[in-house]
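> Provided below for reference: sequence and predicted model.
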Amino acid sequence: MKRFRSAALVLLFFAASVCAQEPYPGKPVRIIVGYSAGGGNDLIVRVMAPRLSEGLGQPIIIENKPGAQAIIACEYVAKASPDGYTLLMGPTGPMAMNPATYSKLPYSPQRDFAPISQIGQFPLIVAVGASLPVRSVKELIEYAKANPAKVNYAASAAAFQIATELFKQKTGTDFVHIPYKGSGESVQAVIAGQVTMTIVDPPPVSGPLRAGTARGLAITSAQRHPSWPDLPTLSEQGIDVEVGLWTAFFAPARTPPAIVARLQKEVARVVRLPDVREGLARLGVDPVGGSSEELGRVLARDIEKWTAVARAANIRND
């Protein structure tokens with residue numbers, strides 16, 4: 001009997017060792033998006049997901065957990081098991097701008113996450129509905145000053161809010177902030193005439209701009225973007241506001257380095273694929289696919305940068 005129990009224990013130990021050494025990934029990988037379907041990050045990850053699934057040999061499950069400036073999604077992933085099966089789609093807003101505008105968060109972008117890789121970078125677009133009688137930033141400013149009690153703006157994340165508050169400061173306007181759960185909803189609100197304007201990431205507004213249901217007035221990059229060569233920069237129109245954002249993948253802190261490296265390698269491979277680059281280009285996203293260390297440095301730099309901007313502009317979300 002003792003010999004039997006000993007043999008059973010050896011078998012159990014062996015089975016546990018085999019399971020512990022099972023190659024990653026051995027089951028579907030979930031990517032958590034902190035915004036509603038149709039928003040910029042949702043559209044970007046859906047361009048990436050099929051090719052990531054092929055490379056990893058497992059299904060990619062996209063879960064939208066919108067609300068509270070993506071705080072809900074970030075907290076959820078921060079508390080998830082650090083096993084590589086729950087990842088965060090982490091853009092500039094919740095990772096670098098929320099720390100700048102909230103005195104207290106239920107997560108720390110640097111302490112609670114392991115950087116994987118940047119997916120891409122992009123500017124923002126100043127957009128209005130096609131029915132609004134303005135065709136330039138100058139006309140938008142004039143309209144706002146002539147209708148001070150009527151003008152407002154849609155923003156679903158700290159990134160868009162900070163950009164618009166800077167725009168307000170530089171132009172002497174007083175658009176009222178109306179929060180939305182995703183940039184796709186912000187764009188639809190502009191098209192429907194529920195809000196006056198939005199400064200938003202390119203993916204959800206690209207289709208409406210091409211369809212003529214929304215009108216682009218400016219782009220927030222230093223130079224014109226090849227996807228919209230006819231769209232002037234804010235600086236061209238005398239407004240000293242320049243904002244460039246990024247989005248990236250993060251894993252919970254304490255995820256094994258080998259798993260982080262496997263995911264980083266896969267992201268870097270996927271963003272170089274012609275069909276993915278074409279899909280991202282249609283959304284106005286410039287592919288990056290850098291290293292985990294590079295993403296960590298970018299995150300630290302941008303937290304410092306946007307904290308200074310928010311402090312100077314007195315932007316608080318508490």
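Okay, I see it.

> so who does Gly193 touch?
Applying Cβ atoms under 8 Å, 6 or more residues apart in numbering to Gly193 gives the contacts 129, 131-132. In this view, the C-beta of every residue, glycine as well, is placed from N, C-alpha and C.

> phi first, then psi, for it.
Backbone geometry at Gly193, expressed as degrees, to the nearest 10, gives phi 80, psi 10.

> check the one 4 residues further on too.
Dihedral angles phi and psi of Met197 (degrees, to the nearest 10) take the values phi -150, psi 170.

> if I look at it, how far off is Tyr107?
Distance of Met197 to Tyr107, computed by Cβ to Cβ, to the nearest Å: 31 Å.

> confidence score at Val45?
Listed pLDDT for Val45 reads 96.

> just how off-centre is the helix or strand harbouring it within its chain?
Counting by DSSP states H and E, the element that carries Val45 is helix 40-56. Helix 40-56 sits 14 Å away from the centroid of its parent chain (Cα atoms, centre = their mean, to the nearest Å).

> mind listing what's buried in that helix?
Across helix 40-56, burial judged by 16 or more other Cβ atoms under 10 Å covers 40-49, 51-53, 55-56.

> ok, stretch 161-181 next?
Within stretch 161-181, the residues that count as buried by 16+ other Cβ under 10 Å are 161-168, 171, 173, 175, 178-181.

> ok, and what's touching it?
Stretch 161-181 has contacts (Cβ under 8 Å, 6+ apart) with 35-36, 66-67, 97, 100-101, 124, 126, 137, 141, 144-145, 148, 151-156, 186, 189, 194-199, 220, 234, 239-241, 243, 306, 309-310, 313, 315, 317.

> coming back round to it: mind checking which of Met197 and Tyr107 has more residues around it?
Neighbour tally, Met197 and Tyr107, criterion other Cβ atoms under 10 Å: the higher count belongs to Met197, 27 against 21.

> how far away is the more buried one from Gly90?
26 Å.

> number of residues surrounding Gly67?
When neighbours are counted by other Cβ under 10 Å, Gly67 registers 16.

> if we can go back for a sec, mind checking which of the buried residues of stretch 161-181 land in helices?
Among the buried residues of stretch 161-181, the members falling in helices (DSSP state H) are 161-168, 171.

> in the protein, which spans are helices?
Using DSSP H, the helices of the chain run over residues 2-20, 40-56, 71-78, 92, 98-101, 137-146, 158-171, 183-191, 202-211, 257-270, 274-282, 292-313.

> now render those as CSV, adding distance to Arg224.
What follows is those, written out as CSV (distance: least, Cβ to Cβ, whole Å):
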stretch, distance to Arg224
helix 2-20, 53
helix 40-56, 20
helix 71-78, 33
helix 92, 21
helix 98-101, 28
helix 137-146, 14
helix 158-171, 18
helix 183-191, 21
helix 202-211, 13
helix 257-270, 28
helix 274-282, 15
helix 292-313, 23
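
> perfect, that will be all.
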